[in-house]
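Novice: Model the following, please.
(chains A and B)
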There are 2 protein chains.
Amino acid sequence: MTETLIQRRARLMGPNVPTFYEHPVHIVRGQGVWLWDADGKRYLDCYNNVAHVGHCHPHVVEAIAQQAAILNTHTRYLHDGILDYIERLTATLGHGIAQTIMTCTGSEANDIALRMAQAVTGHTGVIATDNTYHGNTAAVSQLSTRRPPIGGYAPHVRLVPSPSTLQPIDGRAADQPRAFAAHVAAAIADLQDKGFGFSAMMLCPVFANEGLPTVTPGFLDPTIAVIRKAGGVIIADEVQPGYGRCGTHFWGHDWLGFAPDIITVGKPMANGHPVGAVLARPDVMAAFREAFGYFNTFGGNPVSAAACNAVLDVIADEGLLENATRTHAHMMDRMAALRHPMLANVRGVGQFYGVEFVTGSGAPASDFVADLVERMVARGFLLNKIGKGGNTLKIRPPMPFGVEHADLLMDALQDELTRPGVT
Amino acid sequence: MTETLIQRRARLMGPNVPTFYEHPVHIVRGQGVWLWDADGKRYLDCYNNVAHVGHCHPHVVEAIAQQAAILNTHTRYLHDGILDYIERLTATLGHGIAQTIMTCTGSEANDIALRMAQAVTGHTGVIATDNTYHGNTAAVSQLSTRRPPIGGYAPHVRLVPSPSTLQPIDGRAADQPRAFAAHVAAAIADLQDKGFGFSAMMLCPVFANEGLPTVTPGFLDPTIAVIRKAGGVIIADEVQPGYGRCGTHFWGHDWLGFAPDIITVGKPMANGHPVGAVLARPDVMAAFREAFGYFNTFGGNPVSAAACNAVLDVIADEGLLENATRTHAHMMDRMAALRHPMLANVRGVGQFYGVEFVTGSGAPASDFVADLVERMVARGFLLNKIGKGGNTLKIRPPMPFGVEHADLLMDALQDELTRPGVT
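Specialist: Numbering: from 1, shown residues only, chains lettered A, B, ... in the order given. I've put the predicted structure just below:
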């Protein structure tokens, strides 16, 4: 009997290694917004944000290949690549954020950000939402509700109710910004009361893992006021919204209209090359750098810097923010025209879209969406689901995803939704 | 006035970003065991273990370039590359270690290893030596004595005296293995007494950061017995000794002759591409995988796997272990022939060498060695120092470092040591 790839994974990687889909796909080739499996079947990639400027973009591949052949060392020697990159990246940022630590993953970046906040405030209490994921280190997994940490949650963490489009916090649909802020204020008071003090709130500016709920500019204003009053640090986890994902803005926090103290980034930075970073104001950076002698062996090495610089080139050269805005408008029209009895809400921020389904009683249509994802994959469209109930289609394609790709996806989705028996 | 590279770093990266050497080198090109700076000056690389098979090795560069142009996704899709790699890597291992989690850094690997041990034992108490470094995450920096964690050391960590060639533990030169084990036993008892219980001891099999002290096979036997009796887990941090650095053995723990439960690797794995890994027995892996839903976005992606596979190819094809053994023998002869009044000890394990100096009174000759490093760099030889006193030259070149390079280095070093006024 031949060992299947799935059996071989279990033998070599152990149990519970996550895969996508009931029948995991075996992808062997990628180009732009397209992926091919081992049988030659083509998929439209409506999901992957790591291949931010498109799978195997030749400009990024060339930058990596060239620099890897010239030099790949570390930041204990001087090199222009990392400095050129930080200069370009911080030029996209306001709020005094002007300095950077390069890491290899978003998890490493968030792990540092928590310690930065601790160094600034002298406190350890941290707040996040109750349906999020900020990374996989021991420290950061304390904030990740889908992956409870080994040994249980630490006592210095508070998780506040997530914004939600259909199930507003405390049922107060009219006043979500204040309802969210009230929970943050209560969490701060509790952390102070228990002796941890308040260090930071970490959040994703589009609340991606929370289900991409409908929030509009100003949503966080009352929360920011509460955090500032308590002397806390605001960490914007820009791993998903950053680098133009929002279309109209390069950064999620600028889209939502608030000023963070620290920004963390990862996945899309180098189109799949392992890179993350922490960006902060000089006073925040100094607090960390003076308290702790951080060095990351691979972080910001010449090849990583070259890959990062190439991604910025492509974003600008190919007008990927403009493309995101154009595709967004078309997708919103197409999603609004979708018809199905269980369709409850469609929404989007730039190149990130949600299509939410509920049952007749208004409960999350989790099984329906799980099945719909499988059927779309079988038709050649890679996507997934988000949100507490897992009842929202998650559509978050590589940035070159255009109007023509949106039409392919929406035609197929409407077709699936109108097949006999699909209710 | 022109901004220097160092000023530009401070502006963009913040204060206290570590560099090597009083006058940091600005390296722009590398090939094999050679590096060149921006002025065209050539350096013999006697230090860098990340460029394990030599800087910019064409086989590794080609593997990265080819795979980056074909596909770079993640392990939620099936792919052969990571499985082929784990199969090859675990084939080098005994002790039942047969499963792997791929990460992007050694720090991420050690961060996981600590949680694995916690999942296996149900306890949190951890032991390391008192002069080591195991990484930079919040959790792992608790074990890193050169970089005290922000907020001080956590109460579940115990640091035991490091082995030392010239300053034996408790002054008991004749019985170092038992002296080391006695401190571990006392630390375990204290952790149990304080309610943390005993989870794991993490150590580098060649005690690299401790100063590469003279230890011989069997050194850890009494310690291993103590750990086993207490039900603890043994984590071998193979970031420095692994992948053939020891010459006679592929792994440091096999060189020293003990059976770890978990192995962590990083720096040399992919010749500079950001990769790390945790390797464990299936029962240990299952304990972690069943307790925690770990996923690493970049870890084990097709490009990382291709780079890793290429490094294994080169190690075998170019006989780098055999080269290490050959160069080692020659280096030991040449080091033994060095002459200087302050020279106290020469030692080495495979392609890793220490040259220790003391003052007339027997104190660490820290300033002398710091100055010697600078003078060797000025002559075109990159090396550094290790150990508590910083009085041991650290020579840890890329693996292709051969007899002819050893002669260049030793001729220059002897010449520096015999210059008038150098005493």
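
Novice: List the buried residues of stretch A:3-10.
Specialist: A:8, A:9, A:10 (16 or more other Cβ atoms under 10 Å in any protein chain shown). Every C-beta, even on glycine, is put in place using the N, C-alpha and C of the backbone.

Novice: ok, those residues vs chain B, which is closest?
Specialist: residue A:8 (5.2 Å; Cβ to the nearest Cβ).

Novice: so which of the buried residues of stretch A:3-10 also contact chain B?
Specialist: Contacts with chain B within the buried residues of stretch A:3-10, as defined by Cβ under 8 Å from any Cβ of the partner chain: A:8, A:9.

Novice: Show me the buried residues of stretch A:3-10 that map onto helices.
Specialist: A:8, A:9, A:10 (DSSP state H).

Novice: Nearest to residue B:75, out of those residues: which one, please.
Specialist: Minimum distance to residue B:75 across these is 8.3 Å, recorded for residue A:9 (Cβ to Cβ).

Novice: Spit out the contact partners of the closest one.
Specialist: Each residue near residue A:9 by Cβ atoms under 8 Å, 6 or more residues apart in numbering or on different chains is listed here: A:17, A:19, B:78, B:83.

Novice: ditto for residue A:42
Specialist: With Cβ under 8 Å, 6+ apart, residue A:42 has these contacts: A:34, A:35, A:36, A:380.

Novice: Among these, name the buried ones.
Specialist: A:34, A:35, A:36.

Novice: Show me what the closest residue to the first one other than its chain neighbours is bridged to.
Specialist: Read it as residue A:34. Once flanking residues are discounted, residue A:34 sits nearest to residue A:42: 5.9 Å by Cβ to Cβ, 6 or more residues apart in numbering or on different chains. In this entry, residue A:42 is beta-bridged to residue A:36, by DSSP bridges.

Novice: roughly how far apart are residue A:42 and residue A:22?
Specialist: For residue A:42, the distance to residue A:22 (Cβ to Cβ, to the nearest Å) stands at 20 Å.

Novice: picking up where we left off before, ok, so of the buried ones among the contacts of residue A:42, who is nearest chain B?
Specialist: residue A:35 (7.5 Å).

Novice: Make TSV out of the buried ones among the contacts of residue A:42 and add pLDDT.
Specialist: Output for the buried ones among the contacts of residue A:42, formatted as TSV (pLDDT from 0 to 100):
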residue	pLDDT
A:34	98
A:35	98
A:36	98
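
Novice: ok, so of these, who is nearest residue A:143?
Specialist: Closest to residue A:143, out of all of these and judged by Cβ to Cβ, is residue A:35, at 31.1 Å.

Novice: which residues touch that closest one?
Specialist: A:25, A:27, A:29, A:42, A:43, A:45, A:55, A:382, B:71, B:73.

Novice: right, and residue A:140 touches residue A:115 too?
Specialist: No - contact criterion Cβ atoms under 8 Å: residue A:140 and residue A:115 do not qualify, at 10.7 Å.

Novice: If you count surrounding residues, which of the two has more?
Specialist: A direct count of neighbours by other Cβ atoms under 10 Å in any protein chain shown for residue A:140 and residue A:115 places residue A:140 higher, at 30 against 25.

Novice: And the pLDDT at the more buried one?
Specialist: Among the per-residue scores, residue A:140 shows a pLDDT of 95.

Novice: Next: the one 5 residues further on.
Specialist: Each residue has a pLDDT score; the one for residue A:145 is 79.

Novice: who's in contact with it?
Specialist: A:128, A:129, A:130, A:131, A:132, A:133, A:159.

Novice: now the second one, nearest residue through space, not along the chain?
Specialist: Spatially, and ignoring its direct neighbours in sequence, residue A:129 is nearest to residue A:162 (4.3 Å; Cβ to Cβ, 6+ apart).

Novice: Now for residue A:63, how many residues are close by?
Specialist: 26.

Novice: Tell me the predicted confidence for it.
Specialist: 98.

Novice: now swap in the one 5 residues further on and tell me
Specialist: We have a pLDDT of 98 for residue A:68.

Novice: ok but it is inside a helix, no?
Specialist: Yes - according to DSSP: H, G, I helix; E, B strand; the rest coil, residue A:68 belongs to a helix.

Novice: How about the residues of the stretch 151-300 of chain A by chain B?
Specialist: So the stretch 151-300 of chain A meets chain B at A:151, A:266-267, A:271-275, A:282, A:285-286, A:288-299 (Cβ under 8 Å from any Cβ).

Novice: Is it possible to mark the buried ones in the residues you listed?
Specialist: A:266-267, A:271-275, A:282, A:285-286, A:288-289, A:291-292, A:294-299.

Novice: which ones among those are found in helices?
Specialist: When DSSP H is applied, these are split such that A:282, A:285, A:286, A:288, A:289, A:291 fall in helices.

Novice: Report the buried residues of the helix or strand containing residue A:188.
Specialist: For residue A:188, the host element (DSSP states H and E) is helix A:176-193. For helix A:176-193, a neighbour-count test (16+ other Cβ under 10 Å) marks A:176, A:177, A:179, A:180, A:181, A:182, A:183, A:184, A:185, A:187, A:188, A:191 as buried.

Novice: so who does the second one touch?
Specialist: Contacts of residue A:177 were listed using Cβ under 8 Å, 6+ apart, and they are A:218, A:219, A:220, A:221, A:222, A:223.

Novice: mind checking pLDDT for the spatially closest residue to the third one that is not a sequence neighbour?
Specialist: Spelled out, it's residue A:220. Nearest residue to residue A:220, sequence neighbours excluded (Cβ to Cβ, 6+ apart): residue A:258, at 4.7 Å. Looking at residue A:258, its pLDDT stands at 98.

Novice: Look at residue A:258 and tell me its secondary structure.
Specialist: Classified using three-state DSSP, residue A:258 is coil.

Novice: show me what contacts residue A:51?
Specialist: Applying Cβ under 8 Å, 6+ apart, the residues near residue A:51 are A:30, A:45, A:57, A:271, A:272, A:398, B:72, B:73.

Novice: so which of those residues is the most crowded?
Specialist: residue A:272 (31 neighbours).

Novice: what about that one, distance to residue A:405?
Specialist: 20 Å.

Novice: repeat for residue A:9
Specialist: From residue A:9 to residue A:405 the distance is 30 Å (Cβ to Cβ).

Novice: Repeat that for residue A:231.
Specialist: Distance from residue A:231 to residue A:405, by Cβ to Cβ: 47 Å.

Novice: Among those two, which residue is more densely surrounded?
Specialist: Applying other Cβ under 10 Å to residue A:231 and residue A:405 shows that residue A:405 carries more neighbours, namely 22 against 14.

Novice: In space, what's closest to that one - neighbours in sequence excluded?
Specialist: residue A:33 (5.6 Å).

Novice: Tell me where the stretch 301-423 of chain A has strands.
Specialist: Per DSSP state E, counting those that start in this stretch, the stretch 301-423 of chain A carries strands over the ranges A:343-348, A:353-357, A:381-382, A:384-386, A:392-395.
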